[in-house]
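Asks: here is my input; please provide its structure:
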Amino acid sequence: LPESPTSNCAGSTKYGIPAQAHWYGNCRTGSKETACCSNAAMMVPGQDFGKFAVGNSCKSDKDTDSVLGSISCEFGSASLTAPWPVKACYPLDKSCTDLGVKDNLCGKCEKTAAGYRLVNHEAGLRFAGASFDDNNVGKGTVQARNICILSRYGNKGQVTRQPLDTCAGKVQASGVASQVHWYGNCRVGTVKEKDCCTNAFVLGSYFDWTTYAKGNSCKGDSDTDRTLGDIECAFDDGTFKKGAWPMGFCNPLSADCKKLGVMDNMCGKCTALKGGGFQLEETTAGLRYAGASFDDNNIGTGTYQAMNICILARYGNGGKIAYMPTNQCGGHTGSGPSQQVHWYGNCGKGSTKQASCCSNAALLTSGFDWTKFSRGNSCSGDGDKDRVLDKVQCYFETTPALPSGNMVVAGGGGGGAYAAGAWPGGWCHPPDAVCKSLGIKDNMCGTCTKTATGFKLENTKAGLRWGAAGGAVDGKSFDDNYIGKGSMQARNICILAKYGNKPAALPESPTS
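Replies: Sure, this is the predicted structure:
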């Protein structure tokens, strides 16, 4: 929600026409009916309005009301009289975007010598309706660095620069009301709280801040804290230089890396290998991802951990896998660099019980989240340290990943090549430059054609299809009823094509 609605928003009931079924809104603001009543609390990003109850109670009923005739809307005001979390919420303006800020957290953006500062002394900085923990937010804390990542890249953004340990937040002085907050009162490196506490570990790409707990524990509670008045942010400049782990001796993602198709070089130097592969190497401090090294067990040629590291390098965290790595992939542990905290990989190859926590258990599938792996030497996580990985060599198949086990093809539902084959993998058009130029996120195995007012997807050989893992993997066709012009099914398929599954927002709506 780049801008928040102000207290000037107002609706007007239209009387004299038939009453209709309605969304339930007859509850007090601040009540516990947040999941079912549209008046209980401010909606947050990702919330589904369609989950509210219908009628006059949370249980839903057949009650009808006079219809809403009009509504006046105002966004982005910094009004001091509005209630939290709208109160004094400054909009994301040009002063913020010029500094590279994606989410200003309701603060004013100011340029500093090393980066930028977000300031809100009237009501405090906030994200998705909650403030930040007033513990562990000073200079160099992980929480402060993570808040800077959130502001620069936005929630679920790709992190391309690491926040410096000069990042520092300042809690409001007295006189500003305390508010519900994201949980950050844990020690740095607390593995058991990595998914719920903002101070546990530095964030990696495609993080979801909303998975953190609110209050003062991982279970969540109603604890309130003083709000965060300002935070100063600075990021590494992308140059290779001396420094403490994990930011020191980190090679930037260079033109050579991009030319080799590397999305995340993990601080390594990229070089081409014979046979079409590439190598990542950093012998001083080692390769790393999201502030952690890799396990020095099960890292040799043909290990799943090495193959998975190659997937992470080529496609980036959360990426779609177009070509699977081969068993030529292999890593090398350095003997000189100091030991560091690492991602857990010391499990048997093919261990189904540890697939969710161990990087050597199974090959990754499209949409993976590397940060879900444990750190240390067990699934439960611990403080174990290993010698760092100083080199990994990566090779990939030359034919696209086709439906086989958990292997997933890339490219928004399309396969790697249009060719004969059994459903759903056969006769599946891959997404091409035309699809991308039209802003299509999922081509559903169809060709993409520009029309006068939009685009058309077409596959007359085997038909359009969609599946959660990819159209060519687990794709299913669409109902042949209610598919004509103006049908809701057709419009929803258009949404799926343009924005992909589970879009965070719908900037434009499909027409009839």
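Asks: tell me which residue is most central in this structure.
Replies: Central residue of the chain (CA atoms, centre = their mean): Lys156, 2.4 Å from the mean position.
Asks: so that one: helix, strand or coil?
Replies: The local conformation at Lys156, judged by DSSP: H, G, I helix; E, B strand; the rest coil, is coil.
Asks: how much space between it and Cys106?
Replies: 19 Å (CB to CB, to the nearest Å). All C-beta spots, glycine's among them, are computed from the backbone N, C-alpha and C.
Asks: ok, now Lys450?
Replies: To Cys106, Lys450 is 40 Å away according to CB to CB.
Asks: what of Val54?
Replies: 32 Å.
Asks: more crowded one of those two?
Replies: Set Val54 next to Cys106 and count neighbours by other CB atoms under 10 Å: Cys106 wins out with 25 against 16.
Asks: pretty sure the more buried one sits against Asp93.
Replies: No. Applying CB atoms under 8 Å, one finds Cys106 not in contact with Asp93, separated by 12.0 Å.
Asks: who's in contact with the closest residue to Gly157 other than its chain neighbours?
Replies: In space, and not counting its chain neighbours, Gly157 is closest to Lys102: 6.3 Å by CB to CB, 6 or more residues apart in numbering. Going by CB atoms under 8 Å, 6 or more residues apart in numbering, Lys102 touches Ser151, Arg152, Tyr153, Gly154, Gly157.
Asks: make CSV from those and add neighbour count and distance to Ala168 to it.
Replies: Output for the contacts of Lys102, formatted as CSV (neighbours: other CB atoms under 10 Å; distance: CB to CB, whole Å):
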residue, neighbour count, distance to Ala168
Ser151, 25, 13
Arg152, 21, 15
Tyr153, 22, 19
Gly154, 16, 21
Gly157, 16, 21
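Asks: kindly reformat those as JSON lines and extend each row with pLDDT.
Replies: Output for the contacts of Lys102, formatted as JSON lines (pLDDT from 0 to 100):
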{"residue": "Ser151", "pLDDT": "96"}
{"residue": "Arg152", "pLDDT": "96"}
{"residue": "Tyr153", "pLDDT": "94"}
{"residue": "Gly154", "pLDDT": "93"}
{"residue": "Gly157", "pLDDT": "87"}
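Asks: which of those residues sits closest to Gly291?
Replies: Using CB to CB, Tyr153 is the member of the contacts of Lys102 that lies nearest Gly291, at 15.4 Å.
Asks: what's near enough to touch that closest one?
Replies: Residues in contact with Tyr153 (CB under 8 Å, 6+ apart) are Lys102, Val159, Thr160.
Asks: now, which of the residues you listed sits nearest Pro503?
Replies: Using CB to CB, Lys102 comes nearest to Pro503 of the contacts of Tyr153, at 17.1 Å.
Asks: so the closest one versus Gly229, what's the distance?
Replies: Distance, Lys102 to Gly229, by CB to CB: 21 Å.
Asks: what do you get for Asp442?
Replies: 43 Å.
Asks: who has more neighbours out of the two?
Replies: When Asp442 is set against Gly229 and neighbours are counted by other CB under 10 Å, the residue ahead is Asp442, at 23 against 20.
Asks: what bridges to Lys108?
Replies: With DSSP bridges as the criterion, Lys108 is bridged to Val119.
Asks: confidence score at it?
Replies: Each residue has a pLDDT score; the one for Lys108 is 94.
Asks: need the CA coordinates for the least confident helix or strand in the chain by mean pLDDT. CSV is fine.
Replies: Least confident element among the helices and strands of the chain, by mean pLDDT, DSSP states H and E: helix 471-474 (a mean of 77). Only the C-alpha atoms of helix 471-474 are listed here, as CSV (Å, rounded to 0.1, in the frame of the first residue of the first chain):
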residue,chain,number,x,y,z
GLY,A,471,1.9,-25.5,-17.5
ALA,A,472,4.1,-28.2,-18.9
VAL,A,473,4.5,-29.9,-15.6
ASP,A,474,1.1,-30.2,-13.9
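Asks: how far away from the center of its chain is the helix or strand following it?
Replies: Using DSSP states H and E, the helix or strand that follows helix 471-474 in sequence is helix 488-499. Computed by CA atoms, centre = their mean, to the nearest Å, the separation of helix 488-499 from the middle of its chain amounts to 22 Å.
Asks: can you pull the buried residues of helix 488-499?
Replies: Ile493, Cys494, Ile495, Leu496, Ala497, Lys498, Tyr499 (16 or more other CB atoms under 10 Å).
Asks: now those residues in TSV, with distance to Leu253 and pLDDT?
Replies: What follows is the buried residues of helix 488-499, written out as TSV (distance: CB to CB, whole Å; pLDDT from 0 to 100):
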residue	distance to Leu253	pLDDT
Ile493	36	94
Cys494	35	92
Ile495	33	92
Leu496	31	93
Ala497	30	93
Lys498	29	91
Tyr499	27	90
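Asks: just those residues now: which is nearest Glu282?
Replies: Distances from Glu282 to the buried residues of helix 488-499, taken by CB to CB, are shortest for Tyr499, at 37.5 Å.
Asks: show me what contacts the closest one?
Replies: Taking CB under 8 Å, 6+ apart, one finds Lys441, Leu506 in contact with Tyr499.
Asks: against Phe478, how distant is it?
Replies: Taking CB to CB, one finds Tyr499 at 17 Å from Phe478.
Asks: repeat that for Asp295.
Replies: Distance from Asp295 to Phe478, counting by CB to CB: 44 Å.
Asks: between these two, who's got more neighbours?
Replies: Legend: neighbour count by other CB under 10 Å for Asp295 and Phe478, higher for Asp295 (28 against 17).
Asks: now the more buried one. Nearest residue, chain neighbours left out?
Replies: Among residues not flanking Asp295 along the chain, Gly345 sits closest, at 3.2 Å (CB to CB, 6+ apart).
Asks: can you check Gln340 too?
Replies: Ser293 (4.4 Å).
Asks: show me where this protein has helices.
Replies: Per DSSP state H, the chain carries helices over the ranges 94-97, 142-153, 255-259, 304-315, 433-437, 471-474, 488-499.
Asks: which one of those helices lies nearest to Cys379?
Replies: Checking the helices of the chain against Cys379 by CB to CB gives helix 304-315 as the closest, at 14.6 Å.
Asks: so who does Thr352 touch?
Replies: Ala361, Ala362.
Asks: try it again at 7 Å.
Replies: Listed by CB atoms under 7 Å, 6 or more residues apart in numbering, the contact set of Thr352 is empty.
Asks: with Gly30 instead?
Replies: Applying CB under 7 Å, 6+ apart, no residues qualify as near Gly30.
Asks: mind checking pLDDT for it?
Replies: 77.
Asks: start at 36 instead
Replies: Shifting the count to begin at 36 puts that one at Gly65.
Asks: count of residues packed around Asp425?
Replies: Other residues lying near Asp425 total 22 when counted by other CB under 10 Å.
Asks: one more: Gly498?
Replies: For Gly498, using other CB under 10 Å, the count is 17.
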